[in-house]
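Participant: using only what follows, build the 3D model:
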Amino acid sequence: MNLDKILDDAIRLDASDVHLIPGNKPMLRIARDLIPVDKSKILTPEDMFEIYDYLVKGNVDKDEVFNTTRKLDMSYVYKDIRLRVNISLSDEVPIATLRLIKNELPSYESLGVPDIVRRMTYQPQGLILVTGKTNSGKTTTLNALINYINENQNKKILTLENPVEYKHHSKKSLIVQKEVGKGRDILTFSDGVKNSLREDCDILVIRRDS
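Facilitator: Numbering: from 1, shown residues only. Below you'll find the model as predicted:
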């Protein structure tokens with residue numbers, strides 16, 4: 001199974017997701033439609049175990065998390081494109097969903113979010129919740145907001161994420177991103193929040209996929 005070719009097709013066709021499920025051809029989500037990968041074959045259970053090995057790359061901690069919880073959320077980089085990977089089980093065979101993360105964030109202004117949200121970021125304290133169903137734009141909105149603060153305010157921003165999707169670089173603000181989970185930057189969100197009190201951050205961002 002040539003996963004590289006599937007990912008190349010996904011990038012070329014501007015797919016948002018890749019679905020890998022045994023008994024089906026690899027499928028790309030393009031503008032909300034599911035489209036089979038051109039000239040691909042039907043995935044077998046053996047293909048799926050091969051794909052699992054390809055993605056996990058022998059990482060003992062990730063393998064332990066998957067075998068213990070029967071699921072795994074992780075990030076993966078292919079040709080400078082970041083992927084959010086979810087692996088779970090169906091009939092004791094791994095299945096995988098790969099979300100392609102665009103390198104360029106849309107501007108906060110282009111998202112149509114009420115301006116009061118932007119103005120709230122200038123408050124000395126408070127809580128902003130970004131919620132919604134899958135594919136509703138939560139991650140894009142949150143990261144566009146982080147990027148806006150990073151470009152316009154002099155703050156220390158600390159993010160706790162599982163997994164990290166967009167990679168930010170310090171601009172006007174100082175930004176630190178931590179991936180949460182066994183074998184990653186910090187074990188649990190609880191540990192990350194407690195440690196943030198020692199890290200002198202102005203803004204704490206918690207992003208967790210449930």
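
Participant: buried ones in the longest helix seen in the chain, by neighbour count?
Facilitator: Taking DSSP state H as the criterion, the chain has its longest helix at helix 138-152. Under the neighbour-count criterion of 16 or more other CB atoms under 10 Å, helix 138-152 has 139-150 buried. In short, each C-beta sits where N, CA and C put it, glycine included.

Participant: what's the offset of it from the middle of its chain?
Facilitator: 15 Å (CA atoms, centre = their mean, to the nearest Å).

Participant: partner strands of the following helix or strand past that helix, with direction?
Facilitator: Using DSSP states H and E, the helix or strand that follows helix 138-152 in sequence is strand 156-162. When pairs are called by DSSP bridges, strand 156-162 turns out to pair with strand 174-179 (parallel), strand 203-208 (parallel).

Participant: before we move on, the earlier item: quick one, the longest helix of the chain and strand 203-208 angle?
Facilitator: Per axes from the mean of the first three to the mean of the last three CA atoms, to 10 degrees, the angle that helix 138-152 makes with strand 203-208 is 160 degrees.

Participant: residues contacting helix 138-152, please?
Facilitator: 105-108, 111, 113, 117-118, 121, 128, 130-132, 155, 157, 159, 165-166, 168, 170-173, 175, 203, 205, 207 (CB atoms under 8 Å, 6 or more residues apart in numbering).

Participant: with adjacent residues omitted, what lies nearest to residue 6?
Facilitator: Spatial nearest neighbour of residue 6, excluding adjacent residues (CB to CB, 6 or more residues apart in numbering): residue 26 at 4.9 Å.

Participant: that neighbour: how many residues sit nearby?
Facilitator: Neighbour count for residue 26, taken as other CB atoms under 10 Å: 27.

Participant: my guess is it meets residue 36, correct?
Facilitator: Yes: at 7.1 Å, residue 26 and residue 36 qualify as touching, with contact defined as CB atoms under 8 Å.

Participant: could I get the pLDDT score of the nearest residue to residue 199 once chain neighbours are set aside?
Facilitator: Setting aside the residues directly before and after it, residue 199 is nearest to residue 158 in space (CB to CB, 6+ apart), at 5.9 Å. On the pLDDT scale, residue 158 is placed at 97.

Participant: residue 158 bridge partners, please.
Facilitator: Going by DSSP bridges, residue 158 forms beta bridges with residue 176, residue 204.

Participant: and the one 4 residues further on, by the same measure?
Facilitator: Residue 162 has the following beta-bridge partners by DSSP bridges: residue 208.

Participant: separation between it and residue 62?
Facilitator: 12 Å (CB to CB, to the nearest Å).

Participant: so, low pLDDT: which residues of this protein?
Facilitator: Counting by pLDDT under 70, the chain shows low-confidence ranges at 210.

Participant: so residue 165 makes contact with residue 103?
Facilitator: No: with contact defined as CB under 8 Å, residue 165 does not count as touching residue 103 (10.9 Å).
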